[in-house]
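# Need the 3D shape of this:
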Amino acid sequence: MKAIAYFKNLPADNVEALQDITVAEPTPGDHDLLVDVHAISVNPVDVKIRARRKPQDGKPEIIGWDAAGVVRAVGARTSLFKPGDRVWYAGALTRAGANSERHVVDERIVGHMPKRLDFAQAAALPLTTITAWELLFDRLQVLDNAAPSQRSLLVIGAAGGVGSILVQLARQLTGLTVIGTASRPETQDWVRQLGAHHVIDHTKPLTEELKRIGFPQVSYIAGLNQTDKHFPQMAEAIAPQGKIALIDDPNEIDVRLLKGKSASLHWEFMFARPLHDTPDLIAQHELLNQAARLIDNGTLRTTLGEHYGKINAENLRRAHAFIESGKARGKIVLEGF
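A predicted model of the protein is given here:
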């Protein structure tokens, strides 16, 4: 089968950074699905893994953690899907990624694809939806309750992949006042379209921007990027007993800044459940199914930003380079081999 892989950690603009190869078709294990991959999307984690994870013994490294496709075969102990089902998922870091014609994945982290989306639209969503959902409801423990609330949520980096779905979830499923950050007119417009009540500029001091719109403090903060830069401002802006959740990898932050407010710090890593085979692994299957229902009833929308054409090495290198530029709005999707 066709696949895209790398053999050495190289910059995205190097023609060998990602290469078109042919590999044997994988065999599903007991709990696995074998999926015909129709569309994929590209996330910052793809870029990080390509740059950092060294292939073993000269073997090709296949990455990619967002896919939409059709079940081709099922393992002996599966019960949630059957051949022919349309599915969407993000997968697990401990297994080969989905940048290939066919892919095996544990059914407990797979959802039934939304009926109203095509494969490209669906592929834009799994990883970021899982991340945003877990961050909002599991880490920050915001109630799934749209009743009006006096509480507020600041989403730093709201125009990116995770921010684009997090803003929607918070606006549609909670009573929070949603404040997103974006720095360019086009990304600010995007965040407003997704439902943010307010949009502020993260190139300016966050506390000053928040005061400008009448929010000297906020109840919750989702730090999606540049936490190194923003953390002192986040600590100042968080309300007493508030909660902060991060998804990026800051080099150094002083968590002692939160002590005086008894504020809490949480990390969201959507791969934690499959990585550690947690007892509640099936929660990702359930939340993807719930998200699909919300899309089908019009509550949520796809966050597809750019369609880069067919799934091949040249287009994937281009997508990786754009992700590295930090200018992405929504998600980059590729479709078909």
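# so for stretch 249-262, what's the average pLDDT?
For stretch 249-262, the mean per-residue pLDDT is 96.
# For it, give me every contacting residue.
Stretch 249-262 is contacted from outside by 227-228, 231-232, 235, 238-242, 244, 264-265, using Cβ atoms under 8 Å, 6 or more residues apart in numbering. Yep, even glycine has a C-beta here, placed from its N, CA and C like the rest.
# In the strand of greatest length in the chain, which residues are buried?
Assignment by DSSP state E gives strand 32-42 as the longest strand of the chain. For strand 32-42, the neighbour count (16 or more other Cβ atoms under 10 Å) marks 32-42 as buried.
# which two in the residues you listed are spaced the farthest apart?
Spanning the widest gap among the buried residues of strand 32-42 are 32 and 42, at 23.6 Å by Cβ to Cβ.
# correct me, but residue 306 touches residue 323?
No - counting by Cβ atoms under 8 Å, residue 306 does not reach residue 323; the two are 10.4 Å apart.
# three-state assignment of the residue nearest the centre of the chain?
Nearest residue to the geometric centre of the chain (Cα atoms, centre = their mean): residue 128, 2.1 Å. Classification of residue 128 by DSSP: H, G, I helix; E, B strand; the rest coil places it in helix.
# mind listing what it touches?
Residue 128 neighbours (Cβ under 8 Å, 6+ apart): 43, 161-162, 164-165, 303, 331.
# For the stretch 201-337 of the chain, just list every one of the strands.
Secondary structure of the stretch 201-337 of the chain, counting by DSSP state E, counting those that start in this stretch: strands at 218-223, 238-246, 264-267, 304-307, 331-335.
# Put together CSV for those strands, with distance to residue 193 and mean neighbour count on each row.
Conversion of the strands of the stretch 201-337 of the chain to CSV gives the following (distance: least, Cβ to Cβ, whole Å; neighbours: other Cβ atoms under 10 Å):
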stretch, distance to residue 193, mean neighbour count
strand 218-223, 19, 25
strand 238-246, 24, 20
strand 264-267, 28, 16
strand 304-307, 12, 18
strand 331-335, 15, 26
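# In CSV: those, plus distance to residue 252.
Shown next, in CSV, are the strands of the stretch 201-337 of the chain (distance: least, Cβ to Cβ, whole Å):
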stretch, distance to residue 252
strand 218-223, 14
strand 238-246, 13
strand 264-267, 14
strand 304-307, 31
strand 331-335, 30
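# if we can go back for a sec, ranking the contacts of residue 128 by neighbours, who comes first?
Within those, neighbour counts (other Cβ atoms under 10 Å) peak at residue 164, which reaches 32 neighbours.
# What separation is there between the spatially closest residue to that one that is not a sequence neighbour and residue 163?
Distances taken as Cβ to Cβ, 6 or more residues apart in numbering place residue 303 nearest to residue 164, at 3.9 Å, with adjacent residues excluded. Distance, residue 303 to residue 163, by Cβ to Cβ, to the nearest Å: 9 Å.
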